[in-house]
Every structure is written in structure tokens, then in C-alpha cells.
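[1] my questions concern the predicted model and sequence given below.
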2 protein chains.
Amino acid sequence: MAGSFVPAIVQMGFAGPVYPVNPRYQEIHGLKCYPRLLDVPGDVDYVISSVPAAVVPQLVEESGRKGVRAIHFFTAGFSETGEEERAELEENVIERAKALGIRVIGPNCMGLYVPEAGLAFSGGFPREKGTVALVSQSGANASEFVSSGAQRGLRYSKVISYGNAADLCEADFFDYLAGDPDTEVIASYIEGVRDGRRFVAALKKAARAKPVAILKGGRTEAGGRATRSHTASLAGPIAVFDGLCRQAGAVRVESMEELVDMAIAFRTIGRLPGPRAGVIVGGGGRSVLTADEVNSEGLEVPPLTEETQRQLREFTPIAGTSIRNPVDTMAGWGGNQEEMRRTLEIVAGAPNLDFVLYMGGGPPGPWRGGPAGPHDPPFDPAEAAQRQVRGLAEAQAAAGKPIVVVAGTPSNAEGLAYAQALSEEAMAGGIAVFASARRAAVALARLRLRQRLLAD
Amino acid sequence: MAGSFVPAIVQMGFAGPVYPVNPRYQEIHGLKCYPRLLDVPGDVDYVISSVPAAVVPQLVEESGRKGVRAIHFFTAGFSETGEEERAELEENVIERAKALGIRVIGPNCMGLYVPEAGLAFSGGFPREKGTVALVSQSGANASEFVSSGAQRGLRYSKVISYGNAADLCEADFFDYLAGDPDTEVIASYIEGVRDGRRFVAALKKAARAKPVAILKGGRTEAGGRATRSHTASLAGPIAVFDGLCRQAGAVRVESMEELVDMAIAFRTIGRLPGPRAGVIVGGGGRSVLTADEVNSEGLEVPPLTEETQRQLREFTPIAGTSIRNPVDTMAGWGGNQEEMRRTLEIVAGAPNLDFVLYMGGGPPGPWRGGPAGPHDPPFDPAEAAQRQVRGLAEAQAAAGKPIVVVAGTPSNAEGLAYAQALSEEAMAGGIAVFASARRAAVALARLRLRQRLLAD
């Protein structure tokens, strides 16, 4: 894994020189390799360390002599091992780095992914930049956030994996991102806070400047024990952390999936005008379950007015449908695009609704389940997704209310390709897409929560 | 949709004669078509009705003269419309059917999927039979359960979609399935109960004979309103329904996904020996989140004994790992099969654990994320899944404790193919596979709940 930093940075198009350092090689990934840091001919600003912990003190001394400004220690085997000797080593390294004027990220972390600067800690991350930042105490969780979010259309400004936080810590990063003009949304995975008072101040500053979502690792007793093994963090009671978040105006989520969902909700919807959902769905049983899922998160599914029902009834048959809310029309099954468009327009325009939850984000036509007919044209997921998003974006703009799409879980390769194309297109078109009604409702309710917290 | 019953039944291999009836056609799907039911030459036991509601009284009369024993009314447009006239029609139809000695399934439902009898209400359902039954008030939810469960290896004895329950109702079906030798597990989607006392008696009988999981539609105020539009059901307060389930020894779930998860847990694990999980996972942050997810459902992740840790340390490096529980070894990343096998064996054998949660169900090798190398053999999902399940089943048998697998959400076509192959193989090998640690923990906690309810 250590060897993957060099190709990741080269692949990202880092503009300055990259100097691999390793006494055993002449060349690494086509770049000339130097036996020691001091042998590097040019100036070095930033060091990525994957030497064993025992060699780290020597690397710090050489970095000092070389005028290095920051070191990222991928190197693990420090305080997180729980061994006193290794915790002391970590302390000494940080103390010495400080004396030499060097700031440290880590140890025991993946460091930085900053597409604009050409920095990355893993291959395959998007090269283009975006506006979502991540502050993560776990490298693997950071990778999962970047990858799964990228598949859903997210792009990133700055992603920071900071591990044991022996020098630079969450407060420093929140403080920085609060004022970072490239960052519009902040997501975070935190196991433990180094300095409670500084953290709250920085979080408050950040959460008032832009939306912040935090996944707290170690919210249970067993999880708290795991944070000590992982990053030597003391997790603390979750109720206390929750209180800090509320005080600061940040929302807390409970899984990586929810963290990505929340970043998507912030990016696409931002502000939810009110709690009243118009739900458009195919199938009576799904209507019931969707209403349950929306309502149980504190959002509402009010009956449509008689006037709205009258408009829907003009083209909706009476048997096997409902036009009360959820709206279950045959249009959803028959694939009648024009009727679906009218349904969406009427529901989005209803006077007593604040947003629409459209459960029709699954792939169109026979890809809903049965096999394609022999005379059906080949299915083009990208084209179908573009068409779908265009229609939704028009309806959203016309109504001036968010239209939130539920795409479901794909069960075959075409469905998966469509779901991914839809997510990417939707992000570009400002439409929020979620995998299930429950996940949509959870994210939407948290948008409302944030608005309430900041209004106080 | 109406027209899909004939091909579905023919495709399922129904043994007796099938007589399409429709005055407008000479032939339907290659079968001779009759203008009226009375024109059918042979005896008719079972009628599937998709005529409009207005024609139903005539169909009932003809059925009576033909000696029909049961009618399934796909026909909708009765009491669920909320219109008095249509509710009356439903009442009259049921009364007349009873007088003629005909039992009714529905109206407003999909009817029966019984692979052994060659009955189905949709194309593409598995032809081979299994041991899971479903009692569902929604046809679309029944289809979703059958399809998504089938992809995860479930096979079915009897699936009943019963809609408005105007004659035969949930109590009749539970009563029947309690004694059905082909059924080992019962899942159910219910919106409202026709006769509370009969329901509790039948549910109790069923839940004591075999495991029962129920998804209650209409658990919120908005969902309850939707059940009235859907099947004219009065949902009632969820706390009351919950109390009935607990009293009977059935477990209640909150989504279709959870209903499938629960059927899988019942089929593969059945009984969970205790609450103490050994968690094997790759990555420190994932360790923390998995411990949180397991612990927050009331299951435990106790520290491993010193002896177990000593055994793991023999081959597990100290940096970047944890051997306390969750167990995060480099084996998970490097793909060292032998070390992973030993890890699994040691954790499954640990004296203070009741089961293992193995987070390594994602596709092996480069399919975890990065691209495959040019010299890698082509990936064979079925072969890889077979190998994985064989190893897990051996470890499970050796330890005499459940090994529960978390497979994650696939992000590409290979991953999806592998996940589906793994699920099918795992079901055959008696290994439980779930999409996430949270969903596994929820299902496992409900196994424990059922055990407690039945011990009372």
C-alpha cells in the first residue's frame, strides 16, 4: 500500500517534482529514486513517510535540514498500538518536528487528496475537482467516501485523512475549511476529539459558514473500544458529542452511506422549504411503505387537495390507483411518459406540498424486471438517464420545489449502469438521488434539523 | 398486467388444463380461448378474474354453475376506492360466492405463486420450490419479496397476495401455513387485520410451529391513510400490533429489505447461540463503525482473550492491525487466503464468542476497487463464490457457530455478479449473507428477540 502513493500522485497530475526516496531502488514508477531525503537535489515542501516507525526520528531530522514544511506519516505503529514505548516515540517525533518548524499529518493515516493540487493517496480517484471536503480520521473510510460518493456524482475540494492527530487535528482542519473558498460542503468522520474547546469553536465557525455532516465513530461501548485500537482516540459519550454538534449547527449521521447521502442532500437541495412531501410511487403496497418511511422520520405526507385530485383524476383510472398521496398512478407501470410528466407537474404544483419524492428512479421499460423483448432497441443507460434527469430538472425548475428521486437497488448490470448514470447526471442537474425512501427521508429530515439548529 | 397470468402459469408448468376466457379472442398465448366461462368444456376448479368490477357478479354466477371452488380476483375497483357503491358491490359479490360454496382470494390482489402446483402471477419467478412462504396484502410487495429474495437464494413453498381480504384473510393463511409440511419459514406483509382475535390465534399457532416475520404496512399516520386507499384496511396503532406479534412470538420488521433479511436469517442460522460477536474486518475505521453497528442493536463485541490474541499475533504484524475485536488483519487487504483462513478459524474457535461476523464478503482480488492487472486471469464470479462459501462452510462446521457474512454493495458488474453468486451459493451452504453490518445486526438481534419471546 505504501508504494501506491507515488503512482497516485503522478496519475493525479501533480505539477511539481516528485522525488521517491528508498535506498534499495534506482527508480520507482519511472522516477529517479534517491537513497536518502538529503540526496534529493531540489527543495522539498512536503514529505509522505511510509518508512517503519523506528526510522521516523531520522527522517524528521533530515526533513528539518531539508527545510520541509509538512510531513504526512502513513507510517503506523505509534500510540494506536497501546504500547507505552510506541506512544512515547510518537510524542518525541511530534515534539522534534515542532521544534524544526514542521507540521505533521497523522501518523497512521492516508494524508491528502486534493485534486486541484494533484495530490491523492489512492489510484482511481476523480481528477476533476469539486466542492465537497472530507475530514476523516480513517483512511479506509475516506477512500470509501470518495469512491462511493464519486459514483453518485460527488467531486471533492480537499479530503484529509489524519489518523492519530498527534499534531494537526480536526479543529485545525475545520478551521481551515470554514474559510476555504473551494469548499461548499464539509463531511467528516471523527473517532475522538483532541481538544474539545478548540473543536467546538472550529466546528461552529465551519457549520455557520457551510453545511457540515459528521459521522462519529465509537458511538457505542464496543465502537469506543475499537477507536482506542485504531487511532488511540477516547470516544467519549455520544450524547456529549451530539450536544456539541447541535450547539454548533452540524448534523450527525450514523453510517458511511448516510454521510454520502447527506453530502448529496447538501449539494443538490441545500435547504428544504418545509416538511410536506408529495410522494409519487408505483404500487399500493409500496405507497404504504413509502408513506411510513417518510412519516416515521418526522416528515409529512398530507392528503392532496380536492382540486389537485381532480386534475389527476382527469387521466388516472380509478381501479388499482390512488390519487390521495402517495400518488400511485398506472403511469408508473405502463411507462406512459406523458402521463408521468403530467402527474409530476401536478403534484409538484400542489399548494400544500413542500417537495416531491419521486419513487420512479429505477431503470425504465423492461429493465424493471422482465427480459427485454427481441424487438426492443438496445438499452442505452446514459441516454435514458439524461432524458430522465432533463424531465425532472424541468419539473423542478417549473415548480420551484425540490424533486427528490429514489432509484432503488439495482439487480442486474443494466440496472447498475443506469443507476450510476442517473446519479452522475442528477448531480450535474441539481437533482438529489437516493437508494431508498428511508435513506432519502433520513437525509431530508436532517436538512430540516440543520435549519432548525441554525435558526436558534 | 392482467394478460400476464396465462403465460406465467404456462411457464411455471401447470399440470392441468388452462382455459383462457375472453369473448374478443380465439386464442391467447397459443391456448384456445372461450367466449364465456360456461363455454369451457372441462371442469374448472380455480378462476383468475381480471374482468372489470362491473362484470364480476355475472362471473360469480357462471362460476357457481361451473362448480368452481375458488376465485382469485385480480379485479380491483372495490372497497379500496373508498366509494360506497363499490364497497357494496364487494360485499354482495362475497355473499353470493359464499352462497355458491366458492372461496375468494382478494379482490385487488395478485393471488398465488405456488411453484410445486405450477401457479404463478408473474413471469420470471423461480420454477423450483423452496420452504419459505409469504402472506402479503400487496401484490407488488409480494413480487419484490420473491424477486429480491430469489436473487439471494430464497425459494418458496406458497406465496399468497390477498389484497382486500374480503373472504379469505390473513388468519386463514397463517392457520393453513402453520400446518403446511412444505413451509419452514413464514414471512408476511400486512396492512390491516380483518378479525383481531382469529388473527392472534392463527399467528400464535404459526409462530410456535415455525419462525414468522411480519412487515406491517401503515405503522405511521400517513402510512395508515395509504392502507385505506390501497386495501381498505384500518391499520390501527402500531403499538397494539407490536404487542400482538410479541405475544404470538413473531418478529416485526420495518422494510421489504428487512423482511428478506429475516427470511434469510431464519433459513440459514435459525437459532443464534448468544449475543457475542467476533468481528473480522479490513480497516480500522470500518472496525469502529462495524462495532458500533453491532453493539447498537444490542449485540456484543467483547475483547478477545489473551490466548486468542496470542494465536493471532503469531502471523499478524503489529502496525496497521488490531487483534482485539474487531479483528483487523492485513490478511484482509493483501488477500492472503491462508492467513485469512487461520484468522477465521481462530476467531470462530474463541471461547467467549457466540458467532462470527465476517466483513470479507466483497469480491476478492483487484475487484475490491482498482483495475485488474493485465496478467490476472479473467474473474469467474461463480467459481470464486463457490470457493469462498466452501471455506466459510468448513470453518462454520468446525467451530459449531454461525459465521455470518457481510458482502457490501456492489459498485460494478463483476461485483454484482459475484454478490449474487455468493448469495445463492451461501444459501445452499447454510451461510447467511447480508448487504451491510447494520442489516446483519438487525436480523441477528431479531433472532435473539424471537428466542426470548418463545422462552417466556
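    Nice, thanks for sending it over.
[2] what about A:P126, distance to A:I431?
    A:P126 sits 20 Å away from A:I431 when distances are taken as CB to CB, to the nearest Å. C-beta coordinates here come from the backbone N, C-alpha and C atoms, glycine included.
[3] neighbour count winner among the two?
    A:I431 (28 against 17; other CB atoms under 10 Å in any protein chain shown).
[4] what helix or strand is the closest residue to the more buried one other than its chain neighbours located in?
    Of all residues not flanking A:I431 in the chain, A:L392 sits nearest, at 5.1 Å (CB to CB, 6 or more residues apart in numbering or on different chains). In the assignment (DSSP states H and E), A:L392 maps to helix A:381-399.
[5] what lies in contact with that helix?
    Helix A:381-399 is contacted from outside by A:337, A:341, A:344-345, A:348-349, A:356, A:358, A:361, A:363-364, A:402-403, A:405, A:414, A:417-418, A:420-422, A:424-426, A:428-431, using CB atoms under 8 Å, 6 or more residues apart in numbering or on different chains.
[6] need the buried ones from those selected in ChimeraX.
    Of these, the buried ones can be selected in ChimeraX as follows, counting by 16 or more other CB atoms under 10 Å in any protein chain shown:
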select /A:344,348,349,356,358,361,363,364,402,403,405,414,417,418,420,421,422,424,425,426,429,430,431
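[7] follow-up on the earlier one: by contact count, what packs against the next helix or strand after the helix holding A:L392?
    Next in sequence after helix A:381-399, counting helices and strands by DSSP H and E, comes strand A:403-406. Contacts defined by 3 or more CB pairs under 8 Å, 6 or more residues apart in numbering or on different chains; DSSP states H and E place strand A:403-406 against strand A:355-358, helix A:381-399, strand A:432-434, helix A:437-455.
[8] let me see the contact set for the residue of the stretch 1-150 of chain A found nearest chain B.
    Closest contact between the stretch 1-150 of chain A and chain B, by CB to the nearest CB, is at A:S138 (2.4 Å). Neighbouring residues of A:S138 by CB under 8 Å, 6+ apart: A:S161, A:G163, A:Y189, A:E191, A:G217, A:H230, A:T231, B:G283, B:G284, B:G285, B:R286, B:V288.
[9] show me what the helix or strand containing the last one is packed up against.
    Spelled out, it's B:V288. Taking DSSP H and E as the criterion, B:V288 maps to helix B:284-295. The contact analysis (3+ CB pairs under 8 Å, 6+ apart) places helix B:284-295 against helix A:139-151, helix A:221-231, strand B:277-280, strand B:327-328, helix B:437-455.
[10] which of those sits closest to A:F78?
    For those, proximity to A:F78 was assessed by CB to CB; helix A:221-231 is nearest, at 9.8 Å.
[11] just the CA trace of that closest one, in CSV.
    Coordinates of each C-alpha in helix A:221-231 appear next as CSV, following Å, rounded to 0.1, in the frame of the first residue of the first chain:
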residue,chain,number,x,y,z
GLU,A,221,-19.2,1.0,24.1
ALA,A,222,-17.8,-1.6,21.6
GLY,A,223,-17.1,1.0,19.0
GLY,A,224,-15.3,3.2,21.6
ARG,A,225,-13.0,0.3,22.4
ALA,A,226,-12.2,-0.1,18.7
THR,A,227,-11.3,3.6,18.4
ARG,A,228,-8.6,3.2,21.0
SER,A,229,-7.0,0.4,19.0
HIS,A,230,-7.4,2.3,15.7
THR,A,231,-6.3,5.9,16.4
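[12] mean confidence (pLDDT) on that helix, please.
    Mean pLDDT, helix A:221-231: 88.
[13] now stretch A:381-399
    Computed over stretch A:381-399, the average pLDDT equals 92.
[14] after the worst-scoring helix or strand of chain A on mean pLDDT, which helix or strand is next?
    In chain A, no helix or strand scores lower on mean pLDDT, DSSP states H and E than helix A:331-334, which sits at a mean of 52. Later in the chain than helix A:331-334, the nearest helix or strand by DSSP H and E is helix A:337-348.
[15] give me the angle between that next one and helix A:381-399.
    40 degrees (axes from the mean of the first three to the mean of the last three CA atoms, to 10 degrees).
[16] which strands and helices sit next to helix A:337-348?
    Here helix A:337-348 touches strand A:277-280, helix A:306-313, helix A:331-334, strand A:355-358, helix A:381-399, going by 3+ CB pairs under 8 Å, 6+ apart.
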